[in-house]
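Q: below is the sequence, then the predicted model.
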Amino acid sequence: MTKTDLMVKELVDKYGNKRESLLPILQGVYDLEHFVSDEAMVSIARNLDLSSADVYGKSTFYSFLDTIPRGKFVIRVCKTIVCDMHDKNQIVDTLENILKIKVGETTLNRKFSLLYTNCLGWCHKGPAMLVNDDVYTDLTPESIREIITDYKNRE
Amino acid sequence: MQERLKRLDVILGIHPESPYQVMEKALKRAPKDIISDLIDSGLKGRGGAGFLTGLKWKFAAAAEGDEKFVVCNADEGEPGTFKDREILTIVPKKVLAGMGICAYVIGAKKGYIYLRGEYKYLVPHLEREIAEFHKNCFKLELDFNVEVFLGSGAYVCGEETALLNSMEGFRGEPRNKPPFPTNNGYLGKPTVVNNVETLVSAQVVSRIGVEEFKKLGIQDSHGSKLFSVSGDTPRPGIYDLEFGLSLEEFVREFGDGDTKAVQVGGASGFCVPRKKFQSTTIGFPGGLTGDSLPTGGSMMIFNSSRSMYNVLRNYLDFFEEESCGQCTPCRIGCQQLKVGIEAVKRGDKDPEYLQQLLKLTDTMKITAKCGLGQSVANSFSSIVDNFREEMIY
Ligand code: SF4
Ligand code: FES
């Protein structure tokens, strides 16, 4: 069994092999590998008795289940109207400067990806962003520097 | 007038009777009495369509099925809305008690909270609450089990049938209605899908009774409603207000003195310019509901420094990305509207072209399959009609 097959098997054991388990399994893969690989999709398809095209169609439907490799820490900055009004551009500029990548890209050491996302439900405290599952609000260029330094020090 | 702007704290407040005591009391009554109370209370879903909650429960209770489900829709994604997150953070017991009462009424043994992926950090908190809830169910001999189901960043899953598809492992695309989920929902079984706030309100009806509930709000729009206030305001946040508030009163309270427009109901709602503040009230009857597709109560305030062209372009960007792409009017329409206003702004198209775009939104309204595509017309036409010069120059 390959490493991917083992990972998928563990998730299938946990969530079950019914179609209803598909999204939780895809999310589990994403949490572990920071993207959903072709290999993982094929393995899931086999386990759930679905076509791999079917699994691919589900995975690509959701903006949080990228099918291209992402960094260990995925930063998603809200670009919807209220955060936009509250200077999200300045936040994105700061992030691009610190990480030396553009939105949509991943750092060479695979530690950070920088992406846009839609309204995060923190509009009263915008600008807001997610780093993986953690929420950061009331962002300023200064707070961004601190947050990123903190993540840089994490393994 | 001013006293209409009451801070009710019906939804988020703490009351002498705990939510699980309210549930205990409800469980001693006959399901049909709870249903008729809910119908009499006039409670309408806080999730958008404004359907009578009592009727939904009634249909699901009457539906044939060996298994039934209660689903709490916590896929809050409408721009400018954050009240469901606050409710789940501050008063999760009220939500769970609402689900418990619903389960008892319709005869469901299994419930789900469909939580948007953006709120994943809430899962440990919710799971602790659910464990405590299960203990209470056990004590009350209610055979009901709740689980969290996590979304993965798709706004359209707030539409109830898209949400069910997503749970079943299909693409989160809206289904044709009928059949309605109350007969043919999760896994084809009778299912009640209620918004977070609706479940809390159903619990409020059980707590204070129909008469007290009807005293809140105005004719046809009973109860209170949480509003998410953001944008150009010195007081952004969540407010529990009564229906029937005029925008004039609202802006006096929440504006920064320089308010040019208020977007009621998020990107899929309506943009109201200053000259219409007085004549616009918030509530179901006025046409403006303060509610929208996946959730409701979004109030975004724009002051005079804001370009309404940028606002509209931002919305269209949102819709273009979040359209599930299943039907052509919405998939292509959203793209064309965006390209269209950009062309007018650049001067590549005559201002008259805006009329054609408005016609396109009319078409989308009648031909799009779900609320997402149908409601693009709301913000588009209210912004283009009221701020035409800003679209052109
Ligand atoms: S209107 Fe838009 S979101 Fe709704 S089903 Fe059609 S394409 Fe999908
Ligand atoms: S607009 Fe950014 S969190 Fe809502």
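A: Nice, I can see it. Numbers count the residues shown, from 1 in each chain, chains lettered A, B, ... in the order given. Ligands and ions are numbered 1, 2, ... in the order given.
Q: in contact with A:E146, which residues?
A: Residues near A:E146 by C-beta atoms under 8 Å, 6 or more residues apart in numbering or on different chains: none. All C-beta spots, glycine's among them, are computed from the backbone N, C-alpha and C.
Q: hey, where'd the helices end up in chain A?
A: Using DSSP state H, the helices found in chain A span residues A:3-15, A:22-33, A:38-48, A:52-59, A:81-85, A:88-99, A:141-152.
Q: should've said chain B
A: Going by DSSP H, chain B shows helices at B:19-27, B:31-41, B:53-62, B:83-90, B:92-106, B:123-139, B:160-167, B:196-215, B:247-254, B:308-322, B:328-346, B:353-367, B:371-386, B:388-392.
Q: okay, the helices of chain A in JSON lines with mean pLDDT and distance to ligand 1 next?
A: Output for the helices of chain A, formatted as JSON lines (pLDDT from 0 to 100; distance: least, C-beta to the nearest ligand atom, whole Å):
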{"stretch": "helix A:3-15", "mean pLDDT": "97", "distance to ligand 1": "27"}
{"stretch": "helix A:22-33", "mean pLDDT": "97", "distance to ligand 1": "18"}
{"stretch": "helix A:38-48", "mean pLDDT": "97", "distance to ligand 1": "23"}
{"stretch": "helix A:52-59", "mean pLDDT": "96", "distance to ligand 1": "15"}
{"stretch": "helix A:81-85", "mean pLDDT": "98", "distance to ligand 1": "19"}
{"stretch": "helix A:88-99", "mean pLDDT": "98", "distance to ligand 1": "25"}
{"stretch": "helix A:141-152", "mean pLDDT": "97", "distance to ligand 1": "34"}
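Q: in CSV, list the ones you listed along with distance to B:L354.
A: Shown next, in CSV, are those (distance: least, C-beta to C-beta, whole Å):
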stretch, distance to B:L354
helix A:3-15, 50
helix A:22-33, 41
helix A:38-48, 44
helix A:52-59, 37
helix A:81-85, 21
helix A:88-99, 27
helix A:141-152, 38
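Q: pick the most deeply packed of the ones you listed.
A: Comparing those by mean neighbour count (mean count of other C-beta atoms under 10 Å in any protein chain shown), helix A:81-85 comes out on top with a mean of 26.
Q: which other helices and strands contact it?
A: Contacts defined by 3 or more C-beta pairs under 8 Å, 6 or more residues apart in numbering or on different chains; DSSP states H and E place helix A:81-85 against strand B:224-231, strand B:298-303, helix B:308-322.
Q: before we move on, back to that, now the helices of chain B as a markdown table including mean neighbour count?
A: Below are the helices of chain B laid out as a markdown table (neighbours: other C-beta atoms under 10 Å in any protein chain shown):
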| stretch | mean neighbour count |
| --- | --- |
| helix B:19-27 | 20 |
| helix B:31-41 | 18 |
| helix B:53-62 | 21 |
| helix B:83-90 | 22 |
| helix B:92-106 | 27 |
| helix B:123-139 | 15 |
| helix B:160-167 | 26 |
| helix B:196-215 | 22 |
| helix B:247-254 | 20 |
| helix B:308-322 | 21 |
| helix B:328-346 | 18 |
| helix B:353-367 | 16 |
| helix B:371-386 | 23 |
| helix B:388-392 | 15 |
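Q: of those helices, which is nearest B:G283?
A: helix B:247-254 (11.4 Å; C-beta to C-beta).
Q: can that closest one be found next to chain A?
A: No. Contact of helix B:247-254 with chain A (C-beta under 8 Å from any C-beta of the partner chain) is absent, the minimum separation being 11.2 Å.
Q: next, the angle from that helix to strand B:298-303.
A: 80 degrees (axes from the mean of the first three to the mean of the last three C-alpha atoms, to 10 degrees).
Q: output helix B:247-254 as CSV - backbone C-alpha positions only.
A: C-alpha atoms of helix B:247-254 as CSV (Å, rounded to 0.1, in the frame of the first residue of the first chain):
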residue,chain,number,x,y,z
LEU,B,247,-33.8,53.2,7.4
GLU,B,248,-33.9,56.8,8.5
GLU,B,249,-34.0,55.7,12.1
PHE,B,250,-31.4,53.0,11.4
VAL,B,251,-29.0,55.5,9.8
ARG,B,252,-29.5,58.0,12.6
GLU,B,253,-28.4,55.4,15.0
PHE,B,254,-25.7,53.7,13.1
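Q: taking strand B:224-231 as reference, get the angle to it.
A: Angle, helix B:247-254 to strand B:224-231, by the same axes, to 10 degrees: 60 degrees.
Q: follow-up on the earlier one: of all the helices of chain A, which lies closest to ligand 2?
A: For these, proximity to ligand 2 was assessed by C-beta to the nearest ligand atom; helix A:81-85 is nearest, at 3.3 Å.
Q: roughly how far out does that closest one sit from the chain middle?
A: Taking the mean of its C-alpha atoms, helix A:81-85 sits 21 Å from the chain's own mean (C-alpha atoms, centre = their mean, to the nearest Å).
Q: give the contact list for the residue lying closest to A:W122 once chain neighbours are set aside.
A: Nearest in space to A:W122, with sequence neighbours left out and distances taken as C-beta to C-beta, 6 or more residues apart in numbering or on different chains, is A:A128 at 4.0 Å. Neighbour list for A:A128: A:V77, A:C78, A:C83, A:L120, A:W122, A:V135, A:Y136, A:T137, A:D138, A:L139 [criterion: C-beta under 8 Å, 6+ apart].
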